[in-house]
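Engineer: Any chance you can model this:
(chains A, B, C and D)
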Protein chains: 2
Amino acid sequence: MTDRPYHHGRLRVVLLAEAERTLREQGIEGLSLRDLARQAGVSHAAPRRHFADRQALLNALAEAGFARLADEVCAAIDGAGEDYQARLRAVATAYVHFATRDAALLELMFAAKNAGPPDAVRDASERLFTAFGDLIVQGQKAGTLPPGDPGRLGLLLVATMQGIAALVTSGRAPAGQVDALITDAVALFTRSQR
Amino acid sequence: MTDRPYHHGRLRVVLLAEAERTLREQGIEGLSLRDLARQAGVSHAAPRRHFADRQALLNALAEAGFARLADEVCAAIDGAGEDYQARLRAVATAYVHFATRDAALLELMFAAKNAGPPDAVRDASERLFTAFGDLIVQGQKAGTLPPGDPGRLGLLLVATMQGIAALVTSGRAPAGQVDALITDAVALFTRSQR
DNA sequence: ACCTGAACACCGTTCAAGT
DNA sequence: ACCTGAACACCGTTCAAGT
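Structural biologist: Next comes the predicted model:
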């Protein structure tokens, strides 16, 4: 390394990357602004220029988390072929895998601070939820999903995946059963209509 | 008040009660051992006799939480009459209401610390899960629920409720829609077999 | 057996001052 | 525009000592 200049230059992005790693390894409790500053080689007050307080850092992490989750879910849909059940299973698998690999991040993404999440986080989550909405509408048109308010059915689908992830993360459901649970859940949603 | 004696006498139970209240009002972040000690009128080191560290207090809260949730769920089953859908809806309603009223407590109950929860917490949660298991078996015998491993179906049911609660708590699902979501979920599970 | 008081090593947050 | 260093008010945890 050359001599570290007075101006770090990319402090914000470094802090975020380091925070994401710490979050994965130590959980949300182990995340400290002072520690992040130390790891980045700046004074403990430096992060303040980029994140007004600890919560602002957490919000930025949540925002990035939603963006990445939406990417992964959309990629799963795109790569799943035409069969609707397979598409649904691919989405659920992507979601639950994200949730178990980055459990602390997901917790943070869905943490309700005060009166709902700030706008930036909300906007980032929007893309994910509309992807789900589209998938639901598509399934209803094909007659594979039951009729009814697609928004509500989408929420129910997200809730199911969120719940499966919560049970696995907390050790109440064996990790080896997650695929079976997803299959069961998909079967529940797509049971033949008439 | 009479002069506070040197020995508090019921410090443990007072700390737990105060902690549960703080948890509801301030969330898990706002829970401090030193603050609890202050509110109980003892020195900051006094709680240490009853809870080895902060995590031990959280575990005790989780344990009590599971006991209360099991009580409320069992009471809901008992008071719901004979109709199976009504029983299922009553259970789901009781669960989700608990989850939204004591969101921070539920989060704590399902927090995965290290390699799964300690035995005491696990035991306390057992009663809840067996109550669910029994309800599932009953529904399968009556032909109201789909066949298959009742343990897995029970997990899926818990996951669904847990997920609905998470979405409502985080403000992603409107609170006014919780009853509709529960009804949808119950309908999904009990869709007529053949 | 239970509680106190001082001590230690951490936090987040603030703010004048430096570059 | 960005960072530093000192300061403040908090934490959890430990431990000798008190009752």
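
Engineer: From the contact counts, what lies against the lengthiest helix in chain A?
Structural biologist: As assigned by DSSP state H, the longest helix anywhere in chain A is helix A:54-78. Using 3 or more C-beta pairs under 8 Å, 6 or more residues apart in numbering or on different chains; DSSP states H and E, the elements in contact with helix A:54-78 are helix A:11-26, helix A:33-40, helix A:84-101, helix A:103-109, helix A:119-141. C-betas here are computed from N, CA, C, even on glycine.

Engineer: Out of those helices, which gets nearest to DNA strand D?
Structural biologist: helix A:11-26 (3.9 Å; C-beta to the nearest atom of the strand).

Engineer: Buried residues, the longest helix of chain A. List them.
Structural biologist: Neighbour-count burial for helix A:54-78 flags A:57-66, A:68-70, A:72-74, A:76-77 (criterion: 16 or more other C-beta atoms under 10 Å in any protein chain shown).

Engineer: now the helices and strands packed on helix A:54-78 in CSV, with distance to DNA strand C, mean pLDDT and mean neighbour count?
Structural biologist: Below are the helices and strands packed on helix A:54-78 laid out as CSV (distance: least, C-beta to the nearest atom of the strand, whole Å; pLDDT from 0 to 100; neighbours: other C-beta atoms under 10 Å in any protein chain shown):
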stretch, distance to DNA strand C, mean pLDDT, mean neighbour count
helix A:11-26, 10, 97, 16
helix A:33-40, 4, 98, 16
helix A:84-101, 24, 97, 20
helix A:103-109, 14, 96, 22
helix A:119-141, 17, 95, 17
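
Engineer: Can I get the ones you listed in JSON lines including distance to A:A175?
Structural biologist: Converted to JSON lines, the helices and strands packed on helix A:54-78 look like this (distance: least, C-beta to C-beta, whole Å):
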{"stretch": "helix A:11-26", "distance to A:A175": "17"}
{"stretch": "helix A:33-40", "distance to A:A175": "29"}
{"stretch": "helix A:84-101", "distance to A:A175": "7"}
{"stretch": "helix A:103-109", "distance to A:A175": "12"}
{"stretch": "helix A:119-141", "distance to A:A175": "24"}
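
Engineer: out of those helices, nearest to B:E25?
Structural biologist: helix A:103-109 (20.4 Å; C-beta to C-beta).

Engineer: now the closest one: how far from the chain's centre is it?
Structural biologist: 7 Å (C-alpha atoms, centre = their mean, to the nearest Å).

Engineer: and it, what does it pack onto?
Structural biologist: Looks like helix A:103-109 contacts helix A:11-26, helix A:54-78, helix A:150-169 (3+ C-beta pairs under 8 Å, 6+ apart).

Engineer: Need the contact partners of that helix.
Structural biologist: Helix A:103-109 has contacts (C-beta atoms under 8 Å, 6 or more residues apart in numbering or on different chains) with A:20, A:23-24, A:27-28, A:58, A:61-62, A:65-66, A:69, A:98-99, A:121, A:125, A:165, A:169, B:107, B:112.

Engineer: CA-only coordinates of that helix in CSV, if you can.
Structural biologist: As requested, the backbone C-alpha atoms of helix A:103-109 are provided in CSV (Å, rounded to 0.1, in the frame of the first residue of the first chain):
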residue,chain,number,x,y,z
ALA,A,103,-29.9,-14.2,7.9
ALA,A,104,-28.8,-11.1,9.8
LEU,A,105,-29.1,-9.0,6.7
LEU,A,106,-32.6,-10.2,6.0
GLU,A,107,-33.6,-9.5,9.6
LEU,A,108,-32.3,-6.0,9.1
MET,A,109,-34.1,-5.6,5.8
